[in-house]
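> quick one, fold the following:
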Amino acid sequence: MGRNRSFLFSAIFLSAADCLALNASPARAYPWPLAPQDVQHNVSATFGECRQDRDHFHDGTDIPLGQGGAVLAVDDGTVLTIDPAGSSSYIRVGRFCYLHVDPNPDLHVGDPIQQGDLVGTTNNQNHIHFKDGGGASGTTIINALRPGGLEPFVDNYKPRVKNIWFYENGTANRFPTAKVTGLVDIVAWACDTTDLSAYGKNNGVYSIGYQIFAEDETTSVHGPFYPYTFDTIPSNSYIDNVYFQGSSTSIYYYIVTNQISNDSFWDTRWVEPGHYKVVISCCDTRENWDSSSAWVEVVEQDVTPPAVPTMVSVIGTRQNSLDVTWQQGHDGDLKGYRLYHSLDGETWANNYDEEDLPDTVTRLGADAFQNDQSIFFRLTAVDSAAVPNESGASDIYGTRLTNTGLKVLVVDGFDRTSGIWTEPSHPFALTHCRALDALGTAFDGCSNEAITGGRIDLDEYDAVIWVLGDESIEDSTFAPGEQTLIMDYLEKGGNLFLSGSEVGYDLVEQGSAADSQFYHDFLQADLMAGDAESDTVSGLAGTIFEGLSFCFADSSQGLYGEEGPDAIEPTGSGQVNLTYAGTSYSAGLQYAGLFGSGTNQGHLVYLGFPFEAIGSDSIRTEVMGRVLDYFQITTEVPDQPDRDVSLPGRFALNQNHPNPFNPSTTISFSLPGPGPARTTLRIFNVLGQTVRTLLDGALEPGAHALLWDGHDEAGQPVSSGIYFYTLQSGHLNRSRKMVLLR
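Predicted coordinates for the structure are as follows:
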């Protein structure tokens with residue numbers, strides 16, 4: 001290893017020296033712009049560095065000099081420009097500009113200057129930004145520290161390559177392991193030490209580049225390339241080509257695979273799979289060099305994602321905790337899972353990824369979660385490819401916690417992908433849960449396999465909602481094991497709400513004698529036709545749906561357009577509650593009474609079409625509310641949150657984003673005029689105790705935003721749960737709640 005390293009460094013050094021020789025800008029040497037001019041001084045910033053958040057290239061050399069220090073001309077010339085205003089005051093003499101300098105008041109444009117004359121004094125920036133070229137000089141801006149620039153200048157300190165990373169080309173997607181594939185960006189963190197002053201230990205480098213070697217460490221397979229040698233200043237429009245995200249005035253992340261003026265990359269498709277050594281080398285203007293290396297494995301590109309994972313359940317306990325469970329995947333290259341959550345089923349956030357949830361994990365629990373807050377989850381699977389592939393999302397389940405009171409279980413019994421719905425997952429259970437949430441009803445969600453597998457007991461719930469969509473016989477609508485559990489639940493006086501367009505067809509037309517008996521005796525129904533040939537229903541007088549009329553086949557509004565709903569009629573003492581428009585067929589029924597050999601009265605509502613196909617949120621909520629009332633489960637529609645966005649001229653407090661969040665969230669708001677007002681923004685816990693004061697002071701009218709990092713006043717992280725934030729400005733106040741999920 002040692003012999004190869006010596007050979008390798010020599011090869012790189014010679015290539016870089018050739019590069020510098022070609023790029024160097026010959027020029028007459030000149031002295032330093034402060035006394036004594038023939039003695040070297042400190043350098044606190046170098047040419048070509050990144051400035052601000054990749055705002056521009058630094059176009060000069062910064063030389064520390066306390067405020068009021070004498071600034072001297074480095075050459076004979078004529079005063080071309082004077083600007084005495086502000087911290088960026090300057091004076092230009094010939095090709096040289098002295099910035100952050102208060103010009104000598106005795107000088108005027110056109111005055112002749114000799115080397116060593118006083119051109120000004122440093123202002124409150126405490127340094128000279130010395131610039132060679134540009135502006136009124138009409139000359140190219142060049143590096144004052146290049147060979148032939150400021151003299152004497154001796155730099156015995158080599159720069160440093162501090163770290164090396166690999167990204168997908170043109171993105172912020174870092175390869176999670178040492179495996180790379182496809183088009184690769186190589187990013188290096190490097191800096192230069194120009195002297196041992198407080199500022200001279202962390203400056204930008206003069207030149208930086210890379211070379212790729214085979215596993216023997218001597219055979220070059222790519223490079224050397226030195227795209228950045230800062231003799232002349234590049235256009236600021238190119239700064240994102242040179243510096244990677246996160247670079248700033250004091251941090252320099254170089255994208256060494258790019259050109260200054262355009263994107264480029266290491267194309268690993270042109271090398272054989274295997275291990276390669278990536279060497280980054282950089283130097284300063286005095287040819288002090290440093291190199292660092294990293295090993296990578298080039299692999300063939302894998303673009304096949306894992307199978308969509310199977311969600312099992314989302315269950316909230318009566319002790320303010322919740323559990324999310326799923327089935328373990330079986331893909332050979334499965335690395336883990338990403339769990340997404342949402343408070344509304346529309347906006348999703350991800351707090352847990354494959355590092356938190358490796359492939360053997362099938363459960364996530366959260367404690368101290370508050371009541372009366374719905375939360376929904378979906379899951380994806382991620383493989384171990386060099387560029388990780390993420391599967392599609394699972395079915396969506398959710399929960400709304402409560403310590404006391406009634407609770408509903410939503411059972412997802414739909415698996416078919418050969419009918420109208422062809423996707424591998426669906427949000428059918430979500431539509432039921434959102435209707436329950438709108439009614440303020442606590443609920444859990446699970447798959448039908450969780451019921452038959454014994455993980456969840458139907459008897460623990462005051463009502464069960466069974467989601468069947470257009471499930472067909474091939475996927476076993478109400479398999480024998482499910483029938484047994486449902487019969488037992490109803491005989492004990494349970495409440496069942498089910499909907500689906502193929503239930504009767506599957507159990508009666510395609511099922512066994514036992515299936516037909518279950519359909520007649522426990523679902524209280526006979527099948528009249530496998531296709532009612534109507535997509536609109538109306539409620540009958542004296543039933544729970546009296547006065548309702550709606551469509552369930554408008555795919556532009558609902559999840560899908562159902563084309564073949566069951567026509568059903570009740571057996572025994574069941575009652576028709578919905579009919580199909582334009583036909584003599586019944587679409588739904590209700591039943592209250594004993595089931596089988598039971599001695600406790602139960603309730604049943606059965607729809608011959610899918611509930612989730614109803615195209616209106618408000619109609620779905622109304623239907624769900626009437627079903628729960630029939631089950632004698634009281635519902636109350638809570639106040640809907642204000643979803644307005646901040647607009648200047650009005651008082652508004654917006655929902656934080658993201659929500660739930662971890663580790664931080666942004667709270668935006670707007671204040672009315674006409675002038676500033678004392679404004680406070682505070683975070684409270686559920687006990688009403690102040691957790692953090694984010695703002696307490698006068699604030700101008702208009703839109704504002706503040707960040708909360710999830711810490712209290714003492715700087716300690718707070719626990720998962722619900723928090724409230726209150727905005728008060730003058731006599732106006734508004735509060736909202738948010739969820740921290742660690």
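
> check which helix or strand Cys446 maps to.
For Cys446, the host element (DSSP states H and E) is strand 442-447.

> same question for Gly392.
Gly392 belongs to no helix or strand, assigned by DSSP H and E.

> for the closest residue to it other than its chain neighbours, what are its contacts?
Setting aside the residues directly before and after it, Gly392 is nearest to Val308 in space (Cβ to Cβ, 6 or more residues apart in numbering), at 4.8 Å. No exception for glycine: its C-beta is placed from N, CA and C like everyone else's. By Cβ atoms under 8 Å, 6 or more residues apart in numbering, the contact set of Val308 is 380-381, 391-394, 424-425.

> mind putting the residues you listed into JSON lines with distance to Ala525 and neighbour count?
Below are the contacts of Val308 laid out as JSON lines (distance: Cβ to Cβ, whole Å; neighbours: other Cβ atoms under 10 Å):
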{"residue": "Thr380", "distance to Ala525": "38", "neighbour count": "23"}
{"residue": "Ala381", "distance to Ala525": "39", "neighbour count": "27"}
{"residue": "Ser391", "distance to Ala525": "38", "neighbour count": "23"}
{"residue": "Gly392", "distance to Ala525": "35", "neighbour count": "15"}
{"residue": "Ala393", "distance to Ala525": "34", "neighbour count": "21"}
{"residue": "Ser394", "distance to Ala525": "32", "neighbour count": "25"}
{"residue": "Pro424", "distance to Ala525": "31", "neighbour count": "15"}
{"residue": "Ser425", "distance to Ala525": "29", "neighbour count": "21"}
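
> can I get those residues in CSV with distance to Gly493 and pLDDT?
As requested, the contacts of Val308 are arranged in CSV below (distance: Cβ to Cβ, whole Å; pLDDT from 0 to 100):
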residue, distance to Gly493, pLDDT
Thr380, 40, 97
Ala381, 41, 97
Ser391, 42, 96
Gly392, 40, 95
Ala393, 37, 96
Ser394, 33, 96
Pro424, 37, 84
Ser425, 34, 87
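
> out of those residues, which comes closest to Gln319?
Using Cβ to Cβ, Ser394 comes nearest to Gln319 of the contacts of Val308, at 26.3 Å.

> contact partners for the closest one?
Going by Cβ under 8 Å, 6+ apart, Ser394 touches 308-311, 326, 378-380, 425.

> what about the residues you listed, which are in strands?
Those of the contacts of Ser394 mapping onto strands are 311, 326, 378-380, per DSSP state E.

> most neighbours among those, which one?
Among the ones in strands among the contacts of Ser394, the one with the most neighbours (other Cβ atoms under 10 Å) is Leu379, at 28 neighbours.

> and that one, what are its bridge partners?
Counting by DSSP bridges, Leu379 is bridged to Leu339.

> just the pLDDT at the nearest residue to Thr268 once chain neighbours are set aside, thanks.
Closest residue in space to Thr268, ignoring its immediate chain neighbours: Val298 at 4.6 Å, by Cβ to Cβ, 6+ apart. Looking at Val298, its pLDDT reads 97.

> tell me, how many residues neighbour Val298?
Neighbours of Val298 under the rule other Cβ under 10 Å: 23.

> my guess is it contacts Tyr276. True?
Yes - at 6.0 Å, Val298 and Tyr276 qualify as touching, with contact defined as Cβ atoms under 8 Å.

> quick one, domains of the protein?
Residue ranges for each domain of the chain read 2-23+156-298, 61-137, 310-402, 405-640, 652-740, as given by automatic domain parsing.

> next one: the last one to chain centre, how far?
With Cα atoms, centre = their mean, to the nearest Å as the basis, the distance from the averaged C-alpha position of domain 652-740 to the chain average is 21 Å.

> no more questions from me, cheers.
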